[in-house]
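>>> Quick one, what's the 3D model for this:
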Amino acid sequence: MLGARSSILMFIAIIPTSRCDDLVPKCSGTFVTNVDRVIALTNHNIVRTELQEGFVKDKNKKSYPAAENMYKMRWSCKLEEMAQRLVQGCELPPTTPPTKHALNFKAFPFEPSKPYTKLNDVINTAYGEWNAQSRKLDATNKFDPKIEQLANMLNSATTSVGCSAQLCGDGVLASVACVYDQPALSAGKDIYKVGRPCAQDSDCTAFSPAKCDSKSSLCERLH
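Okay, the predicted model is just below:
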């Protein structure tokens with residue numbers, strides 16, 4: 001049986017581009033398409049829902065605690081532009097990442113015999129690696145460098161993200177970057193506050209106005 005992530009991403013792959021245009025803003029001047037944007041954004045929101053439903057597991061297969069006031073991510077063209085600059089030329093992770101924004105970056109190895117062909121494939125591969133970091137630790141809501149990329153996706157203070165990806169040299173190199181609207185966390189800081197997922201609109205108090213999407217167990221900003 002397909003998991004929630006696989007089912008949703010397969011659905012995205014077959015929905016019309018016009019429908020994707022309704023789900024994210026149509027940014028200009030970057031390599032990614034609106035389908036790529038929807039896949040990237042959906043990956044972020046799926047892992048947040050998986051946290052709320054007990055599917056983010058630690059090294060002992062124990063669930064990470066659920067969060068209160070966990071919001072759906074929204075797409076930012078400004079953050080996408082920042083991510084686009086970071087993937088230019090498929091370089092290694094930047095030595096000076098953004099000072100006011102957390103960054104997830106994946107540089108794919110040189111693959112001359114099996115080139116990368118699709119941006120959404122490298123995007124999904126990067127997310128798979130970032131999500132798998134949960135199994136490096138005992139379940140916690142505290143930041144640890146071992147789960148840095150996962151923590152950036154689950155930081156409850158973060159509500160906007162922009163990502164980009166690039167294939168270089170006919171696909172023998174690739175890179176993915178996601179930039180977040182909040183700064184990187186430091187060791188021991190809360191990634192989120194442990195609590196019950198929202199069940200009604202009044203549970204969503206971190207940002208206002210907001211509503212609770214009971215299907216995803218996430219709050220949603222209305223402006």
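
>>> Could I get the full set of strands for the chain?
Per DSSP state E, the chain has strands spanning 74-75, 103-108, 160-168, 173-180, 210-213, 218-221. These are given in chain order.

>>> would you put the C-alpha positions of the third one in CSV?
So the one you mean is strand 160-168. C-alpha atoms of strand 160-168 as CSV (Å, rounded to 0.1, in the frame of the first residue of the first chain):
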residue,chain,number,x,y,z
SER,A,160,7.4,30.4,4.4
VAL,A,161,9.9,28.6,2.2
GLY,A,162,11.3,29.0,-1.3
CYS,A,163,13.4,26.3,-3.0
SER,A,164,15.3,25.9,-6.3
ALA,A,165,17.3,23.2,-8.0
GLN,A,166,19.6,23.0,-10.9
LEU,A,167,21.1,20.3,-13.2
CYS,A,168,24.6,21.0,-14.5
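
>>> Note down every partner strand of it and its orientation.
Here strand 160-168 has these sheet partners by DSSP bridges: strand 74-75 (parallel), strand 173-180 (antiparallel).

>>> Identify each buried residue in it, please.
Applying a neighbour-count criterion of 16 or more other Cβ atoms under 10 Å, one finds 160-168 buried in strand 160-168. The C-beta positions use only the backbone N, C-alpha and C, and glycine is treated the same way.

>>> remind me which residues of this structure are low pLDDT?
The model of the chain has pLDDT under 70 over residues 1-22.

>>> Farthest pair within the buried residues of strand 160-168?
160 and 168 (27.3 Å; Cβ to Cβ).

>>> For stretch 164-175, give me every contacting residue.
30-32, 36, 80, 83-84, 86-91, 105-108, 110-112, 115-117, 119, 122-123, 126, 176-177 (Cβ atoms under 8 Å, 6 or more residues apart in numbering).

>>> returning to what we had before: okay if I get the strands of the chain as JSON lines plus distance to residue 140?
Below are the strands of the chain laid out as JSON lines (distance: least, Cβ to Cβ, whole Å):
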{"stretch": "strand 74-75", "distance to residue 140": "26"}
{"stretch": "strand 103-108", "distance to residue 140": "19"}
{"stretch": "strand 160-168", "distance to residue 140": "22"}
{"stretch": "strand 173-180", "distance to residue 140": "20"}
{"stretch": "strand 210-213", "distance to residue 140": "25"}
{"stretch": "strand 218-221", "distance to residue 140": "20"}
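
>>> and of those strands, who's closest to residue 52?
Here strand 218-221 is closest among the strands of the chain (Cβ to Cβ), at 6.9 Å.

>>> in the longest helix along the chain, what counts as buried?
Secondary structure of the chain per DSSP state H: the longest helix is helix 34-52. By neighbour count on 16+ other Cβ under 10 Å, the buried set for helix 34-52 is 34-52.

>>> check contacts around the residue most central in space within the chain.
In the chain, the centroid-proximal residue (Cα atoms, centre = their mean) is residue 44; its distance is 3.2 Å. Listed by Cβ under 8 Å, 6+ apart, the contact set of residue 44 reads 73, 153, 161, 178.
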